[in-house]
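[1] got a structure for you, letters missing:
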């Protein structure tokens, strides 16, 4: 099952996602996997990472840091689960917008032309979607809704906003459940009937 959680900065989307997974998993199941995509490239991002680490203290997780090679990691987790015949794991990916931003930086290092950058990002998004649609785990995907503000200045920023919007659209198409979190309040956009939610904000 795929559950996409969208929201703006400090909307409460990460807290909601963490609590959602803890509400779904049984007490006897293995620890859920927390895939963190952030990179501490500056002091501000370092503080954001620390904030998220403090939020996660309330629950136990198996933490994996994966800023770029997310598709490879998901394949590895799926193969390991199938080989061991384990119950499906719960996986939280936080967040896909940073994963996309990390890949944009890689693409910009390789070329300044729009076409190669666009081709690179489209391929990465397609690889991810293909893996997600075949995966056996319950995967929660956190992403930023970045299309509600003004169109940013500068080519890198516009490329980022465009591809983040396209990524979210494709994820929403394949996800069984989509939730938008605003001001700490979750709003169901697409529903899976058997999911239980107990969110304390």
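    Structure received. On a predicted model such as this, the values are computed, not experimentally measured, just so you know.
[2] show me which residues of stretch 123-137 are buried.
    124-125, 128-129, 131-132, 135, 137 (16 or more other C-beta atoms under 10 Å). Where C-beta positions appear, they are placed from N, C-alpha and C, glycine not excepted.
[3] contacting residues around the nearest residue in space to residue 143 that is not next to it in sequence?
    Nearest non-adjacent residue to residue 143, counting by C-beta to C-beta, 6 or more residues apart in numbering: residue 96, 4.4 Å away. Neighbouring residues of residue 96 by C-beta atoms under 8 Å, 6 or more residues apart in numbering: 37, 128, 141-143, 167, 171.
[4] could I get the buried residues of stretch 123-137 as CSV with distance to residue 80, secondary structure and pLDDT?
    Shown next, in CSV, are the buried residues of stretch 123-137 (distance: C-beta to C-beta, whole Å; DSSP: H, G, I helix; E, B strand; the rest coil; pLDDT from 0 to 100):
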residue, distance to residue 80, secondary structure, pLDDT
124, 23, helix, 97
125, 24, helix, 97
128, 19, helix, 97
129, 21, helix, 97
131, 14, helix, 95
132, 17, helix, 95
135, 12, coil, 89
137, 10, coil, 89
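[5] nearest to residue 109 among these?
    Of all these, residue 109 sits closest to residue 124, with 14.4 Å by C-beta to C-beta.
[6] wait, the closest one touches residue 101, no?
    No. If you go by C-beta atoms under 8 Å, residue 124 and residue 101 don't touch, sitting 11.7 Å apart.
[7] circling back: could the contacts of residue 96 go into JSON lines alongside secondary structure?
    Shown next, in JSON lines, are the contacts of residue 96 (DSSP: H, G, I helix; E, B strand; the rest coil):
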{"residue": "37", "secondary structure": "coil"}
{"residue": "128", "secondary structure": "helix"}
{"residue": "141", "secondary structure": "strand"}
{"residue": "142", "secondary structure": "strand"}
{"residue": "143", "secondary structure": "strand"}
{"residue": "167", "secondary structure": "helix"}
{"residue": "171", "secondary structure": "helix"}
